[in-house]
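> Here's a sequence, model it:
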Amino acid sequence: MYGAPALPPDFVSLPYANPDAPRGGTVVFANTGGYDSLNPFIQKGTVPWQSRFWGYESLMGRSMDEPFTLYGLLAESVTTPEDRSWVEFTLRPEARFSDGSPVTIEDVIWSYETLGTQGHQRYRSFWSQVDTLEQTGPRTIRMTFGSDNRELALIAGMRPILKKAQYEGKDFTASGLDVVPIGSAPYVVTDFEAGRSVTYTRNPDYWGNDLGFRRGTNNFDTMRIEFFGDGVAAFEAFKAGEISAVREFNAETWSSGYDFPAVQRGDVVKSEFPDQKPTGMTGLVMNTRTPLFSDWRVRDALIHAFNFEFINEAITGAVQPRIRSYFDNSVLAKQEGPAEGRVREYLEAYADDLPPGALDGYALPVSDGSERNRRNIRAALAQFEAAGYTVVDGALTGPDGTVTFDILLQQADKELRTAVDIFLPALERLGIQASVTVVDSAQYTERMLNFDFDVTAFRRALSLSPGNEQKLYWGSEGRDTPGSRNLMGLANPAVDGLIDTMLTVTSSDDFTAAVRALDRVLTAERLVIPIWRYDVGRIAHVKELHYPAELPIYGDGPEYMPAMWWYAD
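Just a heads-up that it's a prediction; the model follows:
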């Protein structure tokens, strides 16, 4: 996106991969809930989240050590002009699908068109910005764009490529287990038991074994996912030796909950992975499509009522710091205090649309750590009063009557459920009778597609190379689009404009300023009640699993573990 890639065209391997890693072994991972589909590219169905990482490839691949840098994967070369108004890819002649058939230009064109018109919502925004897609040579295609958006040339290289012939006479949007999309990646689904397990086997004839981008990666012969009803059952299976590795997100549990015999014997190892990536946002999101949460003062009141310091002490032992903004923990994070310099210039262009605090500075409230949280409860009541709510006979009452709302959680949200249980008495003190509904993953997915919630669990991971996906997360267009990832229902011209600025600037400094300005607006909108951040990756694993000494700046993630690991006795 800016400057040149760090690696030369003939690089041996990615810097955080071990090109001499041995191959072999079987690993078993645990998922909670279930699944009813093995097609991760459509709107319908619940799929194992790993499937689109393990079984499918795109024209280019992402470096976890270089934000905004891609390297050739299915494509052997890429050409784009200075203004990025078009991009041209040339396919590698050796690229093959897992069934041995060649990856063709026809497959590429069909994949882009089909995903862009019938696929999951995450693929459609890009396709709407493609003016033309045409074959320009035996192995070459060119995409021309209709908007001034420099990132489109990179995004174009990241769409999964599927086999057109597999879907002749079939409905691509149909959900189920009867059709597993054919991909070109190192792993294929070789066995599954509906809702209980899925087995992926490394293709011995994988076409890309000798690519520098792939050397030292995808080293396990077999990877199996076992499904459990909840995290407790999955952890017990790990303790019993049935699971090879687990990610732990709670620092207190990491400190005190991993003292079982396998750890004491050294059969299970605890490894930590620091990173420099944004925290993203984790917490409870409020649906602004509902009248109650359309008022920023109401949202601010609930953030004050959520006694983070007390809850954090109870759940994590106060070890994990709070998320302070969407891009916290990174160079893209908003700066404390009033906006200055280029950031202020970008914000002032949207002065009439900025939430309170975006320009002058906004910080999350801090309690004294006591259970009563008196000061912040008073502040919450003041905000409710300013928004037109009063307490009548012990019940908070507003223009639409008594204030009630429901908090929707999945069965797997054990940690957040504990936080909500501590939150509920504070709501009662405000005169709010909130309810909690817990559903399985399938019900939850359906309700998210239709924005059928008041408050729910929220997790949005963000990267050091934010781009067009920001429109999917917070853009006004997604507010009323079923299935969009704009769960909070945000529609703010300042957010839309700052995303456009982010996508069109040509210098790294201007890009950073635009993202910092966006971070200020998102945070000051008070859409999510943030909880603790996960700034260190924690993986407990059997001693036979190993990883390279050099870590990427992104640390752990779905494209690092298990792809960079290997098995050795």
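> C-alpha from now on. contacts and neighbour counts both.
Fine.
> most distant residue from the middle of the protein?
Asp393 (43.6 Å; Cα atoms, centre = their mean).
> pLDDT at it, what is it?
On pLDDT, Asp393 comes in at 93.
> what's the distance between it and Thr144?
With the distance defined as Cα to Cα, to the nearest Å, Asp393 ends up 64 Å from Thr144.
> One more: Leu424?
53 Å.
> List the buried residues in the helix or strand bottoming out on mean pLDDT in the chain.
The least trusted helix or strand in the chain, going by mean pLDDT, DSSP states H and E, turns out to be helix 251-256, with a mean of 87. Neighbour counts over helix 251-256 (16 or more other Cα atoms under 10 Å) mark Ala251, Glu252, Trp254 as buried.
> Save these as CSV, and put in distance to Leu416 too.
Putting the buried residues of helix 251-256 into CSV (distance: Cα to Cα, whole Å) gives the following:
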residue, distance to Leu416
Ala251, 14
Glu252, 14
Trp254, 17
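> any chance you could map the strands in the stretch 251-400 of the chain?
268-274, 281-286, 390-392, 395-398 (DSSP state E, counting those that start in this stretch).
> for the ones you listed, which one sits closest to Asp352?
Among these, the nearest to Asp352 by Cα to Cα is strand 281-286 (22.9 Å).
> Direction included, what does the closest one pair against?
strand 455-460 (antiparallel), strand 528-530 (antiparallel) (DSSP bridges).
> Out of those strands, the one nearest Leu59 is which?
strand 455-460 (25.4 Å).
> Just the mean pLDDT for the closest one, thanks.
Rounded mean pLDDT across strand 455-460 is 97.
> which other helices and strands contact whatever helix or strand comes next after it?
Sequence order places helix 469-474 as the next helix or strand after strand 455-460, per DSSP states H and E. Packing contacts for helix 469-474, counted by 3 or more Cα pairs under 8 Å, 6 or more residues apart in numbering; DSSP states H and E, involve helix 493-504.
> elements contacting the helix it packs on?
Using 3+ Cα pairs under 8 Å, 6+ apart, helix 493-504 sits against helix 469-474, helix 508-524.
> Let me see the mean pLDDT of the first one.
If I follow you right, that is helix 469-474. Mean predicted lDDT for helix 469-474 stands at 94.
> Just the CA trace of that helix, in PDB.
In PDB, the C-alpha atoms belonging to helix 469-474 read as follows (Å, rounded to 0.1, in the frame of the first residue of the first chain):
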ATOM      1  CA  GLU A 469     -13.700  -3.700   5.800                       C
ATOM      2  CA  GLN A 470     -14.300  -0.700   8.000                       C
ATOM      3  CA  LYS A 471     -17.300   0.100   5.800                       C
ATOM      4  CA  LEU A 472     -18.700  -3.300   6.700                       C
ATOM      5  CA  TYR A 473     -18.100  -2.800  10.400                       C
ATOM      6  CA  TRP A 474     -19.400   0.800  10.900                       C
END
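> picking that back up, burial-wise, tell me which of the strands of the stretch 251-400 of the chain comes out on top.
Greatest average neighbour count among these goes to strand 281-286 (a mean of 23), per mean count of other Cα atoms under 10 Å.
> Phi, psi for Thr32 please.
Per-residue torsions, Thr32: phi -100, psi 150 (degrees, to the nearest 10).
> Does Pro5 touch Pro67 like I think?
No: using Cα atoms under 8 Å, Pro5 is not in contact with Pro67; the gap is 9.9 Å.
> When the two are compared, which one has more neighbours?
Pro67 (18 against 15; other Cα atoms under 10 Å).
> Can you report how many residues lie near the closest residue to that one other than its chain neighbours?
The shortest distance from Pro67 to any non-neighbouring residue, by Cα to Cα, 6 or more residues apart in numbering, is to Ser465 (5.2 Å). Residues within reach of Ser465, counting by other Cα under 10 Å, total 18.
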